[in-house]
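Asker: Give me a 3D structure for the following:
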Amino acid sequence: MDPHLLRTFIAVARCGSFSEAARELGYTQSAVSQHIAALEGDLGAVLLQRRPVSPTGVGVRLLEHAGPLLLRLDAARADIARLTAAPAARIVIGVSPLALTPQLTRTLADIRRTQPLWDVTVRVLSREVITRQVATAALDIGLVDGVAAPNDPLHLPDVGPLTATAVTEQRPAVALPAQHPLAGRTGLRLVDLADARWIDAPDTAIPLAQLRSASGTDGFRPSLRYEGTDVRGLLTLTAAGHGLALLPQPAIEGIPAINSVPVSAPRLVHRTEVLHSNAVDGPAAVLAAALRRAAG
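Answerer: Numbers count the residues shown, from 1 in each chain. Down below sits the predicted model:
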């Protein structure tokens, strides 16, 4: 399958219009129609209904494959570029909100003192975006976080040949309003909180889907969705009683009107992993090695 034809197919399916997809891609409508016809001819199947424009059953199945296929192609291109390009003194780091720890900032400060000419950019992004952008070389290095059983790696999307190494582990805790009836406990079982009010903050707190998986229940239904990467903003909502959130305990401590109660069961750790290409070189390789050394 020609990746150019796949990109056109994705655009038409998303836009629901040949003409809108043509404007988005910078093609003529005739060219878009030819791309779709060529892809359908290659696969021997009708992928799009024309009036209205929508994917057929076969088209829906192709869409499930097309995104990951194109991402792996982009990742392969980025890997080759890393191997053939000269190391640069510029480094772009992607950090998920809960991975921006004092250890990272101290390690980065130590390196900056020895490498003052480095041009460093830190971007706070969602976990999924970081993984994808490290694979496609939009980021040189990433730090992503999540919960896992002790000694288990984080479950990251399969976007290409990447190396992930644990650099910090912290105890996860439930953030509750200071006046909450459970605020004085020394520990809480996740399963006992399955029916509580939770804030769905997938880019900031631990995603609720991970809590359902870890506790083996289908609870943890959100009372409010928080779309953002500001941890303090999330905890302000928690303090006001909008719902609970699970975060590493150090991220909660010291926040006014908030109490943190550690998770006693199941046994979980909040882990941060440094993520980079197997072909990492230059400043990214130096920073990755420094983070691993700091982790001991």
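
Asker: contacts for the helix or strand residue 176 falls within?
Answerer: Using DSSP states H and E, residue 176 maps to strand 172-177. Applying C-beta atoms under 8 Å, 6 or more residues apart in numbering, the external contacts of strand 172-177 come out as 147, 182-183, 188, 193, 205-206, 235, 238-241, 244-249, 252, 255, 257-263, 268-270. Using the backbone N, CA and C atoms, a C-beta is placed for each residue, glycine as well.

Asker: ditto for stretch 102-111
Answerer: 93, 95, 118, 120, 122, 143, 167-168, 272, 286-287, 290-291, 294-295.

Asker: how about 7 Å then?
Answerer: Contact with stretch 102-111 is made by 95, 143, 168, 286-287, 290-291, 294, as judged by C-beta atoms under 7 Å, 6 or more residues apart in numbering.

Asker: what are the ranges of the helices in this structure?
Answerer: When assigned using DSSP state H, the helices of the chain occupy the ranges 3-15, 18-25, 29-43, 57-84, 102-114, 127-135, 208-215, 231-239, 249-252, 282-295.

Asker: how about those in a markdown table, adding distance to residue 50?
Answerer: What follows is the helices of the chain, written out as a markdown table (distance: least, C-beta to C-beta, whole Å):
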| stretch | distance to residue 50 |
| --- | --- |
| helix 3-15 | 10 |
| helix 18-25 | 9 |
| helix 29-43 | 10 |
| helix 57-84 | 12 |
| helix 102-114 | 52 |
| helix 127-135 | 32 |
| helix 208-215 | 37 |
| helix 231-239 | 45 |
| helix 249-252 | 51 |
| helix 282-295 | 47 |
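
Asker: For residue 161, find the nearest of the ones you listed.
Answerer: When the helices of the chain are compared by C-beta to C-beta, helix 57-84 sits nearest residue 161, at 7.1 Å.

Asker: between the closest one and helix 3-15, how many degrees?
Answerer: Interaxial angle of helix 57-84 relative to helix 3-15 (axes from the mean of the first three to the mean of the last three C-alpha atoms, to 10 degrees): 130 degrees.

Asker: list the buried ones in helix 57-84?
Answerer: Across helix 57-84, burial judged by 16 or more other C-beta atoms under 10 Å covers 59, 62-63, 66, 71-72, 74-75, 78-79, 82.

Asker: what number of residues lie near residue 254?
Answerer: Residue 254: 8 surrounding residues under other C-beta atoms under 10 Å.

Asker: And the pLDDT at it?
Answerer: We note a pLDDT of 84 for residue 254 in this prediction.

Asker: again, but for residue 169
Answerer: 91.

Asker: Can you pick out the most distant pair from the contacts of stretch 102-111?
Answerer: 168 and 286 (18.9 Å).

Asker: the more surrounded of the two?
Answerer: Ranked by neighbour count (other C-beta under 10 Å), residue 168 and residue 286 place residue 168 first, with 22 against 18.

Asker: For the residue lying closest to the more buried one once chain neighbours are set aside, name its beta-bridge partners.
Answerer: Ranked by C-beta to C-beta, 6 or more residues apart in numbering and with sequence neighbours excluded, the top spatial neighbour of residue 168 is residue 272, at 4.4 Å. For residue 272, the beta-bridge partners under DSSP bridges are residue 145, residue 168.
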